[in-house]
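**Student:** need coordinates for the following:
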Amino acid sequence: GRRPPVSQWRTAPSWAGLVHELPLEPLDREAGGALLAELGIDEESAGRLVAATHGNPLALTLAASAARTHGAVAIRQNEIQDVMQELAMLFLEDVEDAPTREALQCAGVARRITRSLLRAFSLDDRELFESLRALPFVDARRDGLCLHDAVREAMAQTLKASDPERFHACRCRAWRQLRDESRSASRDDVWRYTADMLYLISNPVVREAFFPSDHRDCAVEAAGLDDAEAIRTIALEHDGPEGASALDVWWRYRPDAFKVVRDRDDQVVGFYCMSEVADIPDGVRRGDPVTEAWFNHFDDEPPAQAGSCLFLRRWLSLESGDAPSAEQAASWLDVKRAYMELRPGLQRVYLTVADLAPYAEVATELGFAPLLDMPVELGDRTFLTAHLDFGPDSVDGWITGLVGAELGVGAGGLLDHDRKALVLDGEEVALTRLEYGLATYLESLDEATATRDAILE
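**Tutor:** Residues are numbered from 1 along each chain as shown. Next up is the predicted model:
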């Protein structure tokens, strides 16, 4: 059933041991493709549909039906939109009142929903939060409410198609609320706000890098001594003996720089290694040619502002190496949490990959610049370097720029047009209507000079 068991089934003594919950989760690419093949969908279209619907079985069945309705087996973008709209209507059948429907559509733009976000959407946070919690496709977690992926995607796409202004306004308001809350977030909550803010970026390249459609649950945690063998096995597989030996140097001097990625069975399926420059001992610099090259570049071309620098020495997945994967996405989110913890002093990050091509587009979107003139040879493998300079506003300015490029807010401008405020050093200064009008006029002039008569007029 779509609705969860009533609580008495779990708590009544006479029912003890008689109830077992088996959550039916989204299908992976292979299983989703097999289902669509049985429904007459070709392999290429099936792959795109599984990604678009996040493997939701109902959505996949609707997709196959939509393809037949359009008289073609190949799935085009307009047919995917039809599927999402139909799926949204089916989910909304469970929602009886209009305010909850509106809240559900607004919730589709965010990774998780909190009372404060509902208030930011100008909605009643008390009644609507409980109404959303009661829906069968909403999970209540300790840090908020989460819509099932297929529902969230359907709601977001339907709102975007039917009311693009409302869709844009919801994303802007969510960004401001999350930005304000993240400034005072505890260390344990920083990663949540990092993921929340990155989720607001709708650029498909960036979204796929951080929230892959081929979703697998992964946990990232500090590596223990018992993980050394698994880390070395992965390094040998993808970086060869010389590359693994360079990472051995890191393990010898800085084992605390390693994080491992575990799957649901608690097996190590990936890892990454990262450290602040100031915490790297000379033994690592002398024993690892990649680290030595980064130190040389950092010494020759230091950041414009004084601050800390991170060396993201390596990330690897057991299956995919340093290619895009669910393990890489989990690592990247954890790395971004570290970015947030080091703000506002963090100024630069270095990383290395064996092949820049798979990351060229996403790296450009995120602001990384390749250093093609400093490759490092380790055995038969060449390692290339890219680095990111955050700029004068550190991590906050960097993320603001990423979101601002899409939303047109907080992108380094002096005016916040939605709040009619001046933004100076990240702080808002409220403006009167006359002050805001004058500021808007001056902004519209770009580099032109304003005459006294024009200002008075």
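
**Student:** every contact and neighbour count from this point should use C-alpha atoms.
**Tutor:** Noted.

**Student:** how about the strands in this protein?
**Tutor:** Counting by DSSP state E, the chain has strands at residues 138-141, 144-147, 219-222, 258-262, 268-276, 308-317, 346-353, 369-378, 381-389, 415-416, 421-424, 427-430.

**Student:** and these as a markdown table, adding mean neighbour count and distance to Asp288?
**Tutor:** Rendered in a markdown table, the data for the strands of the chain read as follows (neighbours: other C-alpha atoms under 10 Å; distance: least, C-alpha to C-alpha, whole Å):
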| stretch | mean neighbour count | distance to Asp288 |
| --- | --- | --- |
| strand 138-141 | 15 | 43 |
| strand 144-147 | 20 | 43 |
| strand 219-222 | 16 | 22 |
| strand 258-262 | 24 | 15 |
| strand 268-276 | 23 | 13 |
| strand 308-317 | 22 | 10 |
| strand 346-353 | 23 | 13 |
| strand 369-378 | 15 | 10 |
| strand 381-389 | 19 | 12 |
| strand 415-416 | 20 | 47 |
| strand 421-424 | 17 | 43 |
| strand 427-430 | 13 | 43 |
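
**Student:** report how many residues lie close to Glu237.
**Tutor:** 16 (other C-alpha atoms under 10 Å).

**Student:** check Asp300 and give its pLDDT.
**Tutor:** We have a pLDDT of 93 for Asp300.

**Student:** how close does Gln267 sit to Leu247?
**Tutor:** Going from Gln267 to Leu247 by C-alpha to C-alpha, to the nearest Å gives 20 Å.

**Student:** cool, Ala323 as well?
**Tutor:** Computed with C-alpha to C-alpha, the distance linking Ala323 and Leu247 is 18 Å.

**Student:** ok, those two, which is more surrounded?
**Tutor:** For Ala323 against Leu247, the residue with the higher neighbour count under other C-alpha under 10 Å is Leu247, and the figures read 25 against 19.

**Student:** pLDDT score for the more buried one?
**Tutor:** You'll see Leu247 listed with a pLDDT of 97.

**Student:** repeat for Gln81
**Tutor:** 64.

**Student:** poorly predicted segments of the stretch 51-200 of the chain, please.
**Tutor:** By pLDDT under 70, the weakly predicted segments of the stretch 51-200 of the chain are 67-84.

**Student:** recalculate using a threshold of 50.
**Tutor:** Of all residues in the stretch 51-200 of the chain, those with pLDDT under 50 make up the ranges 73-74.

**Student:** how about the helices in it?
**Tutor:** Read by DSSP state H, counting those that start in this stretch, the stretch 51-200 of the chain holds these helices, from start to end of the chain: 57-69, 77-92, 98-107, 115-120, 125-133, 149-162, 164-182, 190-199.

**Student:** could you dump the ones you listed to CSV with mean neighbour count?
**Tutor:** Below are those laid out as CSV (neighbours: other C-alpha atoms under 10 Å):
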stretch, mean neighbour count
helix 57-69, 20
helix 77-92, 18
helix 98-107, 20
helix 115-120, 19
helix 125-133, 17
helix 149-162, 21
helix 164-182, 18
helix 190-199, 21
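
**Student:** of all the ones you listed, which lies closest to Ala235?
**Tutor:** Between Ala235 and the helices of the stretch 51-200 of the chain, the tightest spacing by C-alpha to C-alpha is seen for helix 190-199, at 26.5 Å.

**Student:** which other helices and strands contact that closest one?
**Tutor:** Judged by 3 or more C-alpha pairs under 8 Å, 6 or more residues apart in numbering; DSSP states H and E, helix 190-199 is in contact with helix 164-182, helix 204-210, helix 326-342, helix 394-407.

**Student:** now do the buried residues in the shortest one.
**Tutor:** If you call a residue buried by 16 or more other C-alpha atoms under 10 Å, then helix 204-210 has these buried ones: Val205, Val206, Arg207, Glu208, Ala209, Phe210.

**Student:** what sits up against it?
**Tutor:** Surrounding helix 204-210, the residues in contact under the criterion C-alpha atoms under 8 Å, 6 or more residues apart in numbering are 198-199, 201, 324-325, 329-330, 332-333, 361-362, 365-366.

**Student:** list just the nearest of those to Ala306.
**Tutor:** Leu366 (21.7 Å).

**Student:** now the closest one, nearest residue through space, not along the chain?
**Tutor:** Counting by C-alpha to C-alpha, 6 or more residues apart in numbering, Leu366 lies nearest to Leu402, which is 7.1 Å off, once chain neighbours are set aside.

**Student:** count the residues that sit near that neighbour.
**Tutor:** Neighbours around Leu402, by other C-alpha under 10 Å: 21.

**Student:** try Ala228
**Tutor:** Neighbour count of Ala228, defined by other C-alpha under 10 Å: 15.

**Student:** any idea how far Ala150 is from it?
**Tutor:** To Ala150, Ala228 is 38 Å away according to C-alpha to C-alpha.

**Student:** pull the longest helix from this protein.
**Tutor:** Taking DSSP state H as the assignment, the helix of the chain that covers the most residues is helix 228-253.

**Student:** what helices and strands are in contact with that one?
**Tutor:** Contacts of helix 228-253 with other secondary structure elements, assessed using 3+ C-alpha pairs under 8 Å, 6+ apart, are made with strand 268-276, helix 282-287, strand 308-317, strand 381-389.
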